[in-house]
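S.K.: Could you work out the structure for the sequence below:
(2 chains)
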Amino acid sequence: MEIPRHWRLKKQRYALVGEVCPHCEAKIFPPRDVCPECSREAKTEFQFSGRGEVYSYTTVYDPPAGYEEQAPYTVALVKLEEGPVITAQLTDLDGQPVQIGMPVEMVTRKLRNDGDERGLIVYGYKFRPRLERQVAN
Amino acid sequence: MNRPIKNSRKLSRDVAIVGAGMSKFGAFPGISSRDLFLDAFQEMRLSVDRGFDPREIEALYIGNFSSDIFEGQGHTAAILADWTGLTPRPATRVEDACASSGVALRQGILAVASGLYDIVLVGGIEKMTDMPTSQVTDALATASDTLYEVPAGFTFPGFYAAMATAYMHAYGASVESFMRVGLKNHENGALNEKAQFGATIRQVMDKKIAGALAKGRPAPQWEDELAFLKDERANPVIAWPMRLFDCSPISDGATALLLVSAEIARNFSEAPLYVVGSGQASDAALHDRDTLTALCSAQLAAREAYQMAGVSARDIKIAEVHDCFTIAEIIATEDLGFFPAGQGYRAAEEGLTSRQGSKPVNTSGGLKSKGHPVGASGAGQVVEVWKQMRGEAGARQVAGTLDLALTHNVGGTGQTSVVHIFERR
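M.R.: Numbering: from 1, shown residues only, chains lettered A, B, ... in the order given. A predicted model of the protein is given here:
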C-alpha cells in the first residue's frame, strides 16, 4: 500500500472535492479534468455537499485483506444531490436496514489499515444515515 | 453519455476457427501454467481435422490477466511461445481483466483479417490457485478502480451483488431467480469432463450427506435443491444477495484456438467455424454509469457484432455468456437481446436458457461450474461453441442445427465487453 497513492487523493478523500464542467455544467466525481458527459476540458474545482441517497448496496461478508475487523459491512453506490454516483461504505447504521433511496450524508472515517505492515491507516469518506438537524434560531 | 459508434464495421477478409482445445479447469497445485497451456495446445492440435504443422503458426495472441501477481511472472506470451516450440514468432500478451482472451481472440482476428498473417494461435491462461484466497481477491480487485472503488471495501462479488440489489429493486426478481441460474449451470457442468465442478447441486448435497454420515454426524436434511441453496450454512452469503453458489470459483486453466483466413480454412478443417461478427466496447467504473441493471459495453459490443454478421439475437442458436456471478448471466441475456430488459430472470426461472430451452445458455456449465481461470475464460467459451456446433459435445449436446452461436466475455464489472458470433456453413 503506497503512501503517495493515498496522499495524492486527500482533497477528494477528505473534502469530497470534484470538478464542474465549464461547458455543460456537469458535476464530476472523481475529478479527472475531462468531462465524462461532453468530453471537454473540466478543471474547475467543485465542492460537493456530501448529501445523497443510496443508489444500490450490498453487505460484504467475505472481506478483502485489511477489512476483516469491519465485516460484515455495507457498501453502497451513493447518488450525490449534485448528480454523480460515488462508491463508499455505509457507517453508523446501528442495525438500521438499508434501502435504495435512503438519505445519507458524508462523514470522514478510517477506511482500512495495512495489517500492521507499516502502521498506515487510510482515512476517507463514508456515508451515514442523514441526521435530522435542529436549525438554531 | 454519447459513445459514437459507426453504424456498421466489417473485417477486410473473413477469418475462421479451425481448431480449439482446453486444459481441464480446476485447482492443480502440481501443474505449472506452462504445462496447462501445453495441454490446451495439444488438444487444439488434435482438433484440427486435416492436421497441421505447428510451425505454420505465424503469431501468438495470449490472453492473461495477471500472471504477474498470481505467479510472480510477467511477460507470459514469449514464455508460452517457447514452451510450445514457436519461438521466434511474435507473441503478444493481451490484458483486459476477465475479458483478456476474448480480446486476444479479437486481436488474432484483426491480425488475420488485415492480411498480415494467415495462421494465428490465440490462447488464454490463468493460474490462480497458488495464492491464498484473500490475496486472489486482492489481485482480482485490481481489475476495478483501486483508487475510487476498492478503498470502500468493495469486492467483485460485492459489485455484482450491488447490481443484483438494483436488479431486484427494479424488476422484482428474487434470490431464487439467481439460484435457478446456478442450478442450471451445475446441471450442464456435470456433463462436462473439463469442468472444475462436474457435479449437479443434487450431487453436491448427496456428497455432504454422505460426508456427515461417514463422520457419524446427523445427516443434514434439505427438501430439495432450492432448500439447500437457501441454507445459510450450506450456501453462505458472500456479499448479499450473492451466495457462494452464485459465484464462479478460483481456477487454473488454459485454452487455445487456431485461426486462419477463411480461404484456407478447408485445408485444415472439415467443419470450420467462420467468425461473422466481432464487437468490443469499454465503460467507466460502476459508479459512473447510467444504469446498474445492464452493461452498456455489452450492449454496444453485441450491436457491433450483430451488425457485422447481419443477424439478430433471435437467429442465435446457443450462447456462452460471462456468468462470473449468477446475476451476470441474467443481465447478459438481456444485454444480448435474447430477452427484454427485466425479463431475463423470468426466462431463467422458466428454463428457457436450459439445454432443452429455446435459447440454451452456457451449455459448458459456464464460468460458475466449468471454472473461471480469468484470462482463459473468453477463449474457453469458444471451445464450447466449437464442440456444440460440430456436434461433438457428447452428453450435453444441444439438438438441432446449430448454425449460429455467440460468445460474450466481460472484463471487470463491464469496463470491457467483447462479443463474437460464429457461423457453421
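S.K.: ok, whichever residue of the stretch 251-400 of chain B sits closest to chain A to residue B:92 distance?
M.R.: For the stretch 251-400 of chain B and chain A, the shortest gap (CB to the nearest CB) falls at residue B:287, measuring 4.3 Å. C-betas here are computed from N, CA, C, even on glycine. As judged by CB to CB, to the nearest Å, residue B:287 and residue B:92 stand 32 Å apart.
S.K.: more crowded one of the two?
M.R.: residue B:287 (25 against 15; other CB atoms under 10 Å in any protein chain shown).
S.K.: so who does the more buried one touch?
M.R.: A:77, A:84-87, B:148-149 (CB atoms under 8 Å, 6 or more residues apart in numbering or on different chains).
S.K.: Can you say which of these are buried?
M.R.: Listed as buried from the contacts of residue B:287 are A:77, A:84-87, B:148-149; burial here means 16 or more other CB atoms under 10 Å in any protein chain shown.
S.K.: Of those residues, which is the nearest to residue B:81?
M.R.: Taking CB to CB as the measure, residue B:81 lies nearest residue B:149 of those, at 35.0 Å.
S.K.: related to what we said a few turns ago, right, and the pair among the contacts of residue B:287 with maximum separation?
M.R.: A:84 and B:149 (13.7 Å).
S.K.: Could you list the domains of chain A?
M.R.: The record's domain parsing of chain A by automatic domain parsing lists A:1-48, A:49-131.
S.K.: Could you tell me how many residues sit around the residue in chain B positioned nearest to chain A?
M.R.: Residue of chain B nearest chain A, by CB to the nearest CB: residue B:161 (3.6 Å). Under the neighbour criterion other CB under 10 Å, residue B:161 is assigned a count of 30.
S.K.: what comes up buried for the helix or strand hosting it?
M.R.: Following DSSP states H and E, one finds residue B:161 within helix B:156-171. Going by neighbour count (16+ other CB under 10 Å), the buried part of helix B:156-171 is B:156-168, B:171.
S.K.: now, which of the residues you listed sits nearest residue A:102?
M.R.: Once CB to CB is applied, the member of those that ends up nearest residue A:102 is residue B:165, at 12.2 Å.
S.K.: mean confidence score for stretch A:126-137?
M.R.: Model confidence over stretch A:126-137, given as mean pLDDT, is 77.
S.K.: again with stretch B:252-272
M.R.: 98.
S.K.: ok, now stretch A:16-33?
M.R.: Stretch A:16-33 comes out at a mean pLDDT of 96.
S.K.: Repeat that for stretch B:199-207.
M.R.: Mean predicted lDDT for stretch B:199-207 stands at 96.
S.K.: So which residues make contact with it?
M.R.: Contacts for stretch B:199-207 (CB under 8 Å, 6+ apart): B:182-183, B:186-187, B:189-190, B:197, B:222, B:225, B:228-229, B:234, B:245.
S.K.: Output it as PDB - backbone C-alpha positions only.
M.R.: Taking Å, rounded to 0.1, in the frame of the first residue of the first chain, the C-alpha atoms of stretch B:199-207 are listed here in PDB:
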ATOM      1  CA  ALA B 199     -21.400 -32.200 -10.200                       C
ATOM      2  CA  THR B 200     -25.100 -31.100 -10.000                       C
ATOM      3  CA  ILE B 201     -26.300 -29.400  -6.900                       C
ATOM      4  CA  ARG B 202     -28.100 -32.600  -6.100                       C
ATOM      5  CA  GLN B 203     -24.800 -34.500  -6.200                       C
ATOM      6  CA  VAL B 204     -23.200 -31.800  -4.000                       C
ATOM      7  CA  MET B 205     -26.000 -32.300  -1.500                       C
ATOM      8  CA  ASP B 206     -25.600 -36.100  -1.600                       C
ATOM      9  CA  LYS B 207     -21.900 -35.800  -1.000                       C
END
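S.K.: Could you pull out the buried residues of that stretch?
M.R.: Quick answer for stretch B:199-207 (16+ other CB under 10 Å): B:199-202, B:204-205.
S.K.: For residue B:9, the count of nearby residues, please.
M.R.: If you count neighbours by other CB under 10 Å, residue B:9 ends up with 13.
S.K.: element containing it?
M.R.: Counting by DSSP H and E, residue B:9 is found in no helix or strand.
S.K.: What distance do you get for it to residue B:113?
M.R.: Taken as CB to CB, the span from residue B:9 to residue B:113 is 11 Å.
S.K.: What parts of chain A come near chain B?
M.R.: A:5, A:9, A:13, A:30, A:36-37, A:55-65, A:67, A:70, A:73, A:75-77, A:84-89, A:100, A:111-112, A:122, A:124, A:126 (CB under 8 Å from any CB of the partner chain).
S.K.: again, 7 Å this time
M.R.: A:9, A:30, A:36-37, A:56-65, A:67, A:70, A:73, A:75, A:77, A:85-89, A:100, A:111-112, A:122, A:124 (CB under 7 Å from any CB of the partner chain).
S.K.: List only buried entries from those residues.
M.R.: Among these, the ones that count as buried by 16+ other CB under 10 Å are A:9, A:30, A:37, A:56-65, A:67, A:73, A:75, A:77, A:85-89, A:100, A:111-112, A:122, A:124.
S.K.: Which single residue in chain A comes nearest to chain B?
M.R.: Closest point on chain A to chain B, by CB to the nearest CB, is residue A:58, at 3.6 Å.
S.K.: Quickly list what residue A:106 is bridged to.
M.R.: Under DSSP bridges, the beta-bridge partners of residue A:106 are residue A:127.
S.K.: What count of nearby residues applies to it?
M.R.: 22.
S.K.: same check, this time on residue B:58
M.R.: Residue B:58 has 17 nearby residues by other CB under 10 Å.
S.K.: Ok, residue A:13 next?
M.R.: For residue A:13, using other CB under 10 Å, the count is 20.
S.K.: For it, which residues are in contact?
M.R.: With contact taken as CB atoms under 7 Å, 6 or more residues apart in numbering or on different chains, residue A:13 is in contact with A:123-125.
S.K.: what's the closest non-adjacent residue to the residue of the stretch 251-400 of chain B closest to chain A?
M.R.: residue A:85 (4.3 Å; CB to CB, 6 or more residues apart in numbering or on different chains).
S.K.: Need phi/psi at the one you found.
M.R.: phi -100, psi 140 (degrees, to the nearest 10).
S.K.: quick one: it and residue A:56 touch, right?
M.R.: No - in this structure, residue A:85 is not within contact of residue A:56 by CB atoms under 7 Å, at 9.0 Å.
S.K.: Give the residues shared as contacts by those two.
M.R.: With CB under 7 Å, 6+ apart as the test, residue A:85 and residue A:56 both reach residue A:77.
S.K.: Now residue B:185: which helix or strand?
M.R.: Using DSSP H and E, residue B:185 falls in helix B:175-189.
S.K.: Fine by me, we can end here.
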